[in-house]
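Q: Take a look and give me a structure for this.
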Amino acid sequence: MPDNNEKNYQVNNENRDSEVKSDGAEIQAIKTTEFMKETIKQRPINKRKLVRRLLVTVSMALVFGIVACLTFIVLEPIINQRITNKDEQLNTVTFVEETAEEETKREDMIADESELIPVIKQQIPVDSEQIEEVLSNMEWGVSDYISLSNVVTDMTKSVSTSLVLVTGIKQDTDLFDNYYDNENSISGVIIADNGRDILILANLKNLINYDRLEVEFFDETSSEASILMKDLSTGFGIVAVRKNMISSETCRNLTFIEMGSSASKNLVGSPIVAVGSPYGVYNSIGIGFITSVGKDINVPDAVYKLLYTDITASSLASGVLVNLNGQLVGIIDQSYNPSDVGNIVSAVGITELKKLVEKLSNGIEIPYLGLYGTDVTDEISESLEIPKGVYITGMEQDSPLLEAGIQNGDIIVKFAGVDIQRFKEYSSTLWSMSPETEVEIVIMRQSPEDYSSLSMNVALDHQK
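A: Modelled structure (predicted):
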């Protein structure tokens with residue numbers, strides 16, 4: 001037993017000695033590392049390097065400013081052309097509407113005949129036999145034909161400075177991924193200047209699928225253009241070219257075509273000239289006579305007159321008809337030609353278009369009701385015993401009139417407070433208003449015994 005106690009005592013002593021030695025080693029390690037202390041100091045500023053960086057930053061800012069200024073100077077005309085300044089005051093374009101008393105007579109459409117035929121001073125008795133005898137004795141020679149040709153030549157030269165070529169350009173690629181410009185061109189005519197733009201009237205039906213527009217003037221200079229407004233019913237529109245994009249010489253020498261008349265009752269048989277691109281080639285002309293003015297063109301909310309000529313031309317003809325005084329008589333449009341007529345030049349008469357062209361030229365939106373109708377003349381009113389006014393023959397499916405309850409066969413006798421007896425009066429009153437305006441329409445509807453009067457309110461829509 002004593003031996004075991006001694007062994008335990010020795011073991012305990014050895015454990016205490018090892019613990020003391022371990023603590024001593026740790027204390028010694030702490031003492032030996034007391035000299036290792038780290039102090040973080042701020043890095044000294046390199047003033048030369050700081051100045052260099054500052055100069056580089058300022059230089060880059062100056063370069064950026066110069067590049068920005070140059071870019072703005074280069075792009076400023078283009079930006080001005082594409083963005084309309086709402087505060088800019090534009091001149092209002094107006095065309096005087098014709099009345100029955102102001103309709104152009106046939107003699108007003110023909111150049112001064114004193115240039116062609118010597119004036120006969122003595123008075124000839126009004127006797128058919130004597131007139132026939134005089135006419136039979138008149139002989140026309142080459143000189144007379146040349147005189148007539150010179151009159152037409154001089155007139156077309158005077159009109160040529162108001163003609164333009166409008167080209168739609170679209171960039172396409174071929175099979176080998178090479179880019180090329182696909183162009184589609186029509187002829188138009190300059191009609192006005194609103195102070196900012198030169199305004200061009202053209203048939204835009206065949207001008208489709210393009211990325212940008214260019215207008216070529218009489219002197220073969222070109223400028224970028226845009227469509228100001230387009231009538232969706234006829235396809236006619238106004239192309240605008242900014243004056244600041246046209247050379248001063250071109251602006252000074254271009255001319256505006258004079259508005260003529262297509263309302264003359266004696267228009268049939270009158271000489272006429274097709275200018276622009278009647279043969280599909282720019283600056284071509286065709287000479288002939290007006291052969292018919294009887295056909296009506298019915299579009300929503302309007303009726304226009306179609307003029308037929310004996311001038312054979314291209315199916316893609318474009319341009320205008322002018323009389324021998326150089327006045328605009330019609331806008332060429334081959335789309336209304338029957339299949340059996342062939343490629344003769346036909347045009348929409350300018351008289352009924354004047355109000356529409358005026359509205360398009362001023363950038364005013366066209367109001368819409370979607371109405372088709374015809375006049376109830378005095379003869380029809382008396383023979384059928386129906387009220388005078390505009391007889392409704394049809395309406396578009398989305399017409400506001402349908403929603404208001406108006407039906408086919410109703411007769412409009414008053415529109416927005418204006419008495420209506422002719423379709424022209426209805427159209428003129430409608431175009432003097434703005435979309436979303438609420439108007440009162442008074443109609444006569446047939447009842448079992450007689451016609452009864454109904455009043456309805458309709459909100460004008462935007463053209464569709």
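Q: Relative to Leu324, how far out is Asn150?
A: Going from Asn150 to Leu324 by Cβ to Cβ, to the nearest Å gives 12 Å. No exception for glycine: its C-beta is placed from N, CA and C like everyone else's.
Q: for the stretch 101-250 of the chain, what spans make up the strands?
A: For the stretch 101-250 of the chain, the strands defined by DSSP state E, counting those that start in this stretch occupy 163-173, 179-193, 197-203, 212-216, 222-230, 236-242.
Q: Tell me which of those sits most buried.
A: strand 197-203 (a mean of 25; mean count of other Cβ atoms under 10 Å).
Q: Pull the residues that contact that one.
A: Applying Cβ atoms under 8 Å, 6 or more residues apart in numbering, the contact partners of strand 197-203 are 90, 93, 164, 166, 186-193, 215, 225, 228, 235-243, 246, 251, 254, 318, 320, 331-333, 357, 361.
Q: That strand pairs with which strands, and in what direction?
A: Sheet pairing of strand 197-203 (DSSP bridges) gives strand 179-193 (antiparallel), strand 236-242 (antiparallel).
Q: Off-centre distance for the first one?
A: Spelled out, that is strand 179-193. Averaging C-alpha coordinates over strand 179-193 and over its chain gives two centres that are 12 Å apart (Cα atoms, centre = their mean, to the nearest Å).
Q: same question, the last one
A: Here strand 236-242 shows a centroid-to-chain-centroid distance of 5 Å under the convention Cα atoms, centre = their mean.
Q: Now do the same for that strand: mean pLDDT, whole number.
A: Average pLDDT, strand 236-242: 96.
Q: before we move on, the earlier item: when Asn150 and Leu324 are compared, which one has more neighbours?
A: Remark: of Asn150 and Leu324, Leu324 carries more neighbours, 21 against 12, as counted by other Cβ atoms under 10 Å.
Q: Can I get the host helix or strand of Lys424 in CSV, CA atoms only?
A: Element membership of Lys424, judged by DSSP states H and E, is helix 423-431. Extracted C-alpha coordinates of helix 423-431, given in CSV (Å, rounded to 0.1, in the frame of the first residue of the first chain):
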residue,chain,number,x,y,z
PHE,A,423,-74.6,66.3,-100.8
LYS,A,424,-72.0,69.0,-101.5
GLU,A,425,-73.6,71.2,-98.7
TYR,A,426,-73.4,68.2,-96.3
SER,A,427,-69.7,67.6,-97.1
SER,A,428,-68.8,71.2,-96.9
THR,A,429,-70.5,71.6,-93.5
LEU,A,430,-68.9,68.4,-92.2
TRP,A,431,-65.4,69.4,-93.2
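Q: and that helix, average pLDDT?
A: 92.
Q: Packing partners of it?
A: strand 302-312, helix 354-361, strand 371-376, strand 411-415, strand 418-419 (3 or more Cβ pairs under 8 Å, 6 or more residues apart in numbering; DSSP states H and E).
Q: try 6 Å this time
A: helix 354-361 (3 or more Cβ pairs under 6 Å, 6 or more residues apart in numbering; DSSP states H and E).
Q: contacting residues around Tyr308?
A: Counting by Cβ atoms under 6 Å, 6 or more residues apart in numbering, Tyr308 makes contact with Thr291, Ser292, Ser346.
Q: so which helix or strand takes in the closest residue to it other than its chain neighbours?
A: Closest residue in space to Tyr308, ignoring its immediate chain neighbours: Ser292 at 4.1 Å, by Cβ to Cβ, 6 or more residues apart in numbering. Assessed by DSSP H and E, Ser292 sits inside strand 284-299.
Q: relative to strand 371-376, how tilted is that strand?
A: Strand 284-299 and strand 371-376 are oriented at 90 degrees to each other (axes from the mean of the first three to the mean of the last three Cα atoms, to 10 degrees).
Q: Which strands border strand 284-299, and is each parallel or antiparallel?
A: Sheet pairing of strand 284-299 (DSSP bridges) gives strand 271-277 (antiparallel), strand 302-312 (antiparallel).
Q: Just say which of the ones you listed is most tucked in.
A: By mean neighbour count, with neighbours taken as mean count of other Cβ under 10 Å, strand 271-277 ranks first of these at a mean of 24.
Q: Tell me which residues are up against it.
A: For strand 271-277, contacts defined as Cβ under 6 Å, 6+ apart pick out 159, 163, 187, 285-287, 289-290, 309, 311, 318-322, 324, 345.
Q: ok, now stretch 389-398?
A: For stretch 389-398, the external contacting residues (Cβ under 6 Å, 6+ apart) are 300, 370-374, 376, 401-402, 408, 410-413, 420, 423, 426.
Q: what does stretch 296-306 give?
A: Under the contact criterion Cβ under 6 Å, 6+ apart, stretch 296-306 has outside partners 233, 293, 295, 336, 346, 348-349, 352, 369-372, 396, 423, 427, 430.
Q: re the thing from before, buried ones in the strand holding Ser292, by neighbour count?
A: Across strand 284-299, burial judged by 16 or more other Cβ atoms under 10 Å covers Ser284, Ile285, Gly286, Ile287, Gly288, Ile290, Val293, Ile297.
Q: what are the bridge partners for the first one, then?
A: According to DSSP bridges, the residues that bridge with Ser284 are Gly276.
Q: from the buried residues of strand 284-299, which is closest to Leu175?
A: Ser284 (34.0 Å; Cβ to Cβ).
Q: okay, the strands of the stretch 101-250 of the chain in TSV with distance to Ser453 next?
A: Formatted as TSV, these follow (distance: least, Cβ to Cβ, whole Å):
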stretch	distance to Ser453
strand 163-173	49
strand 179-193	42
strand 197-203	41
strand 212-216	50
strand 222-230	37
strand 236-242	37
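Q: what's the closest of the ones you listed to Met259?
A: Closest of the strands of the stretch 101-250 of the chain to Met259 is strand 179-193, at 7.7 Å (criterion: Cβ to Cβ).
Q: Among the contacts of stretch 296-306, name the least confidently predicted one.
A: Lys295 (84).
Q: Could you pull up the contacting residues of it?
A: So Lys295 contacts Leu306 (Cβ under 6 Å, 6+ apart).
Q: for it, which residues make a bridge with it?
A: Leu306.
Q: re earlier: between the contacts of Tyr308, which is nearest Arg445?
A: Lowest distance from Arg445 to the contacts of Tyr308 (Cβ to Cβ) belongs to Ser292, with 35.9 Å.
Q: how much space between the closest one and Asn362?
A: According to Cβ to Cβ, Ser292 stands 33 Å off from Asn362.
Q: now for whichever helix in the chain runs longest, which elements pack on it?
A: The longest helix of the chain (DSSP state H) is helix 47-82. With contacts defined as 3+ Cβ pairs under 6 Å, 6+ apart, helix 47-82 has no helix or strand neighbours.
Q: quick one: it to strand 197-203, angle?
A: Going by the same axes, to 10 degrees, helix 47-82 makes 50 degrees with strand 197-203.
Q: chain center to helix 47-82, what's the gap?
A: 39 Å.
Q: got it, and stretch 400-410?
A: With Cα atoms, centre = their mean as the basis, stretch 400-410 stands 31 Å off its chain's centre.
Q: measure it end to end?
A: This stretch, stretch 400-410, spans 15 Å end to end (Cα to Cα, to the nearest Å).
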